[in-house]
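**Student:** This is a predicted model, with the sequence first.
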Amino acid sequence: MSTLGDALKFAGRPERISHPSDERFVTVRMNGGGAVERRIGSGKTPVPFTGYRVRAGQFIYSRIDARNGAYALVPSELDGAVVSKDFPVFDVRTDRALPEYLLHFMRAGSLQRQVQAASFGATNRQRVSEETFLGFSLQLPSIDEQRRIAAILDYADALRAKRRQANEGLSQLQAAMFTSMFATAPRRPLSELATTTSGGTPRRDVEGNYGGTIPWVKSGELHSGVITSTEETLTQQGLASSSAKLLPPGTVLLAMYGATAGVVGELGIEATTNQAVCAITPGEELDAAFLVGALRSQTATLVSRAAGGAQPNLSQGIVRELPIPFASIRDQRAYAQRVASIRAERARATSHSLHLDELFASLQARAFRGEL
């Protein structure tokens with residue numbers, strides 16, 4: 001078994017960075033996210049320091065976040081950028097290791113597990129020295145074999161990327177379809193077409209309020225679209241002791257506060273919510289799937305009307321006054337049928353994506369055990 005020291009050679013040459021405002025800075029994303037330019041906010045330019053200047057194709061890692069998968073190859077667009085000494089810099093020994101093979105090795109997870117086992121220091125701030133890092137093991141076959149493995153993994157990864165793009169296209173199709181069907185429709189205040197209410201949160205210091213059989217939706221869970229399960233549940237006691245209300249499937253949910261304000265979801269199960277979620281019950285003239293599309297088409301309008309600065313807050317009044325496109329129930333149901341078809345296709349696409357992810361993970365594991 002080889003080590004990273006067989007594939008990498010330390011190349012950091014300390015350099016005094018005298019004019020940081022004239023430089024580009026590099027940071028490394030966690031979980032194999034790669035090296036990217038670090039954006040420096042106004043008034044936050046670092047003072048002069050001693051660091052390293054990186055070149056395209058070099059390997060760098062974060063001494064602090066190595067345990068979280070923060071290692072990467074420097075892309076060509078960051079050639080000549082700078083890093084602090086907390087980002088050690090290495091040349092790849094290309095006579096022994098292909099950069100593309102190392103890139104896949106970094107993303108496979110085995111290196112991250114080794115780093116986690118060896119890291120030390122305060123919780124979540126474990127620094128990994130260069131000497132320790134170069135001692136981690138890796139499978140290092142011949143250059144031809146590395147090239148073959150990298151080609152297989154590149155192909156499998158490309159299939160995953162195409163599937164993700166297809167999934168994103170289906171999401172965009174739903175929004176585009178609503179616009180094409182109802183962009184010129186007359187508008188009416190939501191309060192004329194639906195009723196709204198909010199939920200509640202039982203006291204956590206009272207035993208027996210949580211852990212029952214009643215799903216309890218929080219605003220962060222609305223991103224899933226149709227909600228069929230929740231992270232937390234309430235008991236009948238918890239429901240009765242709070243302002244939370246039991247809601248039927250088909251209820252449309254709207255996040256009211258903070259970073260999730262304006263996010264829309266729909267209940268696929270009977271559930272209740274906390275007070276950060278507005279529950280909207282469509283009247284006879286309104287189809288639930290149509291209402292979801294209408295609210296999503298108005299996200300920018302909702303957020304612009306929200307009170308507060310960096311963390312916008314919506315009110316029941318703002319939601320009730322929102323003018324939404326209105327069409328005949330026949331046209332609404334025609335839209336809903338098309339949405340159902342898109343959802344079914346997205347479910348199939350998601351299942352296919354999960355299968356490709358499992359296949360890719362299996363290929364990665366076998367590749368770096370010498371079994372591919």
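**Tutor:** Received it, and whenever you're ready, just let me know what you need.
**Student:** what sits up against the helix or strand containing residue 302?
**Tutor:** Assigned by DSSP states H and E, residue 302 belongs to helix 299-305. By C-beta atoms under 8 Å, 6 or more residues apart in numbering, the residues outside helix 299-305 that reach it are 254, 261, 262, 263, 264, 295, 312, 314, 318, 319, 322. All C-beta spots, glycine's among them, are computed from the backbone N, C-alpha and C.
**Student:** Tell me who's in contact with the second one.
**Tutor:** Contact analysis of residue 261 by C-beta under 8 Å, 6+ apart lists 255, 302, 303, 306, 312, 313, 314.
**Student:** How about the third one?
**Tutor:** Taking C-beta under 8 Å, 6+ apart, we find residue 262 in contact with 254, 255, 299, 302, 303, 306, 312, 314.
**Student:** what's the spacing between the fifth one and residue 100?
**Tutor:** Separation of residue 303 from residue 100 (C-beta to C-beta, to the nearest Å) stands at 42 Å.
**Student:** Ok, residue 250 next?
**Tutor:** Residue 250 sits at a distance of 50 Å from residue 100 (criterion: C-beta to C-beta).
**Student:** before we move on, back to that, buried ones from the contacts of helix 299-305, can you make that a ChimeraX selection?
**Tutor:** The following ChimeraX selection, which keeps only the buried ones among these, applies the criterion 16 or more other C-beta atoms under 10 Å:
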select :254,261,262,263,264,295,312,314,318,319,322
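**Student:** Next one: the nearest residue in space to residue 183 that is not next to it in sequence from residue 282, what distance?
**Tutor:** Beyond its immediate neighbours in the sequence, the residue positioned closest to residue 183 (C-beta to C-beta, 6 or more residues apart in numbering) is residue 325, lying 7.7 Å away. Counting by C-beta to C-beta, the separation of residue 325 from residue 282 is 14 Å.
**Student:** Can you show me the CA trace of stretch 54-73 as PDB?
**Tutor:** What follows is stretch 54-73, C-alpha atoms only, in PDB (Å, rounded to 0.1, in the frame of the first residue of the first chain):
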ATOM      1  CA  VAL A  54      -0.600  28.400  -5.900                       C
ATOM      2  CA  ARG A  55      -0.400  27.100  -9.400                       C
ATOM      3  CA  ALA A  56      -2.900  25.300 -11.500                       C
ATOM      4  CA  GLY A  57      -2.900  21.600 -11.000                       C
ATOM      5  CA  GLN A  58      -1.300  21.700  -7.500                       C
ATOM      6  CA  PHE A  59      -3.000  19.900  -4.600                       C
ATOM      7  CA  ILE A  60      -4.100  21.800  -1.600                       C
ATOM      8  CA  TYR A  61      -6.000  21.000   1.600                       C
ATOM      9  CA  SER A  62      -7.400  22.800   4.600                       C
ATOM     10  CA  ARG A  63      -5.500  21.900   7.800                       C
ATOM     11  CA  ILE A  64      -8.600  22.800   9.800                       C
ATOM     12  CA  ASP A  65     -11.300  21.200   7.600                       C
ATOM     13  CA  ALA A  66      -9.400  18.200   6.100                       C
ATOM     14  CA  ARG A  67     -11.500  16.000   8.300                       C
ATOM     15  CA  ASN A  68     -14.500  17.300   6.500                       C
ATOM     16  CA  GLY A  69     -13.200  16.500   3.000                       C
ATOM     17  CA  ALA A  70     -11.600  19.900   2.200                       C
ATOM     18  CA  TYR A  71      -9.000  19.000  -0.300                       C
ATOM     19  CA  ALA A  72      -8.700  19.800  -4.000                       C
ATOM     20  CA  LEU A  73      -6.700  20.400  -7.100                       C
END
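**Student:** in that stretch, what counts as buried?
**Tutor:** Neighbour counts over stretch 54-73 (16+ other C-beta under 10 Å) mark 54, 58-73 as buried.
**Student:** Out of those, which sit inside strands?
**Tutor:** Of the buried residues of stretch 54-73, the ones assigned to strands by DSSP state E are 59, 60, 61, 71, 72, 73.
**Student:** Which member of those is positioned nearest residue 105?
**Tutor:** Sorting these by how near they are to residue 105, with C-beta to C-beta, puts residue 71 at the top with 9.8 Å.
**Student:** partners of that closest one in the sheet?
**Tutor:** In this structure, residue 71 has beta-bridge partners residue 61, where bridges are defined by DSSP bridges.
**Student:** circling back to that earlier point, please identify which of residue 303 and residue 100 sits among more neighbours.
**Tutor:** Neighbours were tallied for residue 303 and for residue 100 using other C-beta atoms under 10 Å; the higher tally belongs to residue 100 (16 against 12).
**Student:** so what does the helix or strand hosting that one touch, helix or strand wise?
**Tutor:** Assigned by DSSP H and E, residue 100 falls within helix 99-108. Using 3 or more C-beta pairs under 8 Å, 6 or more residues apart in numbering; DSSP states H and E as the contact test, the elements touching helix 99-108 are strand 71-73, helix 143-182, helix 329-367.
**Student:** Buried residues, the last one. List them.
**Tutor:** In terms of neighbour count (16+ other C-beta under 10 Å), helix 329-367 has its buried residues at 332, 335-336, 338-339, 346, 349, 353, 356, 360, 363-364, 367.
**Student:** For those, give me a markdown table that also has distance to residue 219 and pLDDT.
**Tutor:** Written out in a markdown table, the entries for those read as follows (distance: C-beta to C-beta, whole Å; pLDDT from 0 to 100):
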| residue | distance to residue 219 | pLDDT |
| --- | --- | --- |
| 332 | 26 | 95 |
| 335 | 26 | 94 |
| 336 | 24 | 93 |
| 338 | 28 | 94 |
| 339 | 22 | 91 |
| 346 | 22 | 84 |
| 349 | 26 | 86 |
| 353 | 26 | 89 |
| 356 | 31 | 90 |
| 360 | 32 | 90 |
| 363 | 38 | 91 |
| 364 | 35 | 88 |
| 367 | 41 | 87 |
